[in-house]
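Asks: What follows is a predicted structure for the sequence shown.
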Amino acid sequence: MSLATFVQQLLTGVSLGGAYALIAIGYTMVYGILRLINFAHGDLFMMSGYFMIFAIASMPWFIAIPVAFAGTILLGMGIEKAAYRPLRKAPRMSVMISAIGVSYLLENLATYLFTAIPMAYPEIPGLKKILTFGPVTTSLVTILTPILTVVLTIMLLQLINHTKIGMAMRAVSKDTEASRLMGIKVDSTISFTFFIGSLLAAVGALLYFTDRMTVYPYSGALPGLKCFVAAVLGGIGSIPGAVIGGFIIGISETFIVAFGYSTFSDAFTFVLLIIILLVRPTGLFGEAASDKV
């Protein structure tokens, strides 16, 4: 593999990893607050793709993007309110089953509303612009994705560590009942967590589908599972861990395909999950949890 080809594949892998990282943050934030694996998150990402397709068909792109983002946020927060909030005091397994049910509901609803035929994702002006750096040719979205991912992650960490709502989120993640007794509005804090996770999923969908150009009802299932693996790899509950996990999986997957082993690119992600659970169950940056007696 020549140096130019290596750099080209690395840029592609970093771009894919950036999109994975944004979605993985949603998994890790919800788990940090509710100890819930939100299996519907990948399908929320898929629905965001459809929202963009229909929004941009009827309005200018600079209005369509906020409208699609708003639709994704409302859907994410609606799922929390309808499917998760009523089960707040239920056994954890009940909430997880509810999340799986919501995932299948979104997939089948998308199939019913939009059919199973892949739909073309609209081209946002400028994002597919070709850039040339010597022998390396890439698109603007490939360069923009990792930069945007890092910037959004830094902004999120600042919000969590240096604002009142961030302090509330950290308190709720440690002890929900104690937070409630201290006057923290737990339900509002959890809703805000879903707001942030849904917004990042919408940004991730924009960057991911711009490169892949088609959306279909199950287009969020496999990326969603890969992003869950990224969150586990980094240490579920750790935002920097989710980002690094997303980049690791995106780069690894790209190079596996580049070396001609595309058949094993998806399998690699889940082999990696098994290895990390065997070697370091808490992930690269996770902390061992202790159950209260």
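Replies: Structure received.
Asks: how many neighbours does the nearest residue to Gly76 once chain neighbours are set aside have?
Replies: Leaving aside its chain neighbours, Gly76 sits nearest to Ser198 (2.9 Å; criterion: Cβ to Cβ, 6 or more residues apart in numbering). No exception for glycine: its C-beta is placed from N, CA and C like everyone else's. Residues contacting Ser198 under the criterion other Cβ atoms under 10 Å number 28.
Asks: Tell me the buried residues in the helix or strand where Gly17 lies?
Replies: Gly17 is located in helix 3-34, with elements delineated by DSSP states H and E. For helix 3-34, a neighbour-count test (16 or more other Cβ atoms under 10 Å) marks 8-9, 11-34 as buried.
Asks: and if you look at stretch 144-164?
Replies: Applying 16+ other Cβ under 10 Å to stretch 144-164 flags 144-146, 148-149, 152-153, 156, 160 as buried.
Asks: In terms of secondary structure, what does the helix holding Gly17 contact?
Replies: Where contact means 3 or more Cβ pairs under 8 Å, 6 or more residues apart in numbering; DSSP states H and E, helix 3-34 is packed against helix 41-58, strand 136-139, helix 140-162, helix 164-174, helix 186-212, helix 221-234, helix 239-258.
Asks: nearest to Ile130, of the ones you listed?
Replies: Nearest of the helices and strands packed on helix 3-34 to Ile130, taken as Cβ to Cβ: strand 136-139 at 6.0 Å.
Asks: For that closest one, which residues meet the burial criterion?
Replies: 138-139.
Asks: C-alpha coordinates for that strand, CSV please?
Replies: What follows is strand 136-139 as a C-alpha-only set of coordinates in CSV (Å, rounded to 0.1, in the frame of the first residue of the first chain):
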residue,chain,number,x,y,z
VAL,A,136,-4.6,12.4,-2.0
THR,A,137,-8.1,13.2,-3.1
THR,A,138,-11.0,13.4,-0.6
SER,A,139,-14.3,15.2,0.0
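Asks: buried residues in the helix or strand that contains Ile275?
Replies: Assigned by DSSP H and E, Ile275 belongs to helix 265-279. Buried residues in helix 265-279, counted by 16+ other Cβ under 10 Å: 265, 268-269, 272-273, 276.
Asks: Out of those, flag the one nearest to Pro223.
Replies: Thr269 (10.2 Å).
Asks: quick one: that closest one from Ser2, how far?
Replies: 27 Å (Cβ to Cβ, to the nearest Å).
Asks: Quick check on Ala120: phi, psi?
Replies: Per-residue torsions, Ala120: phi -70, psi 130 (degrees, to the nearest 10).
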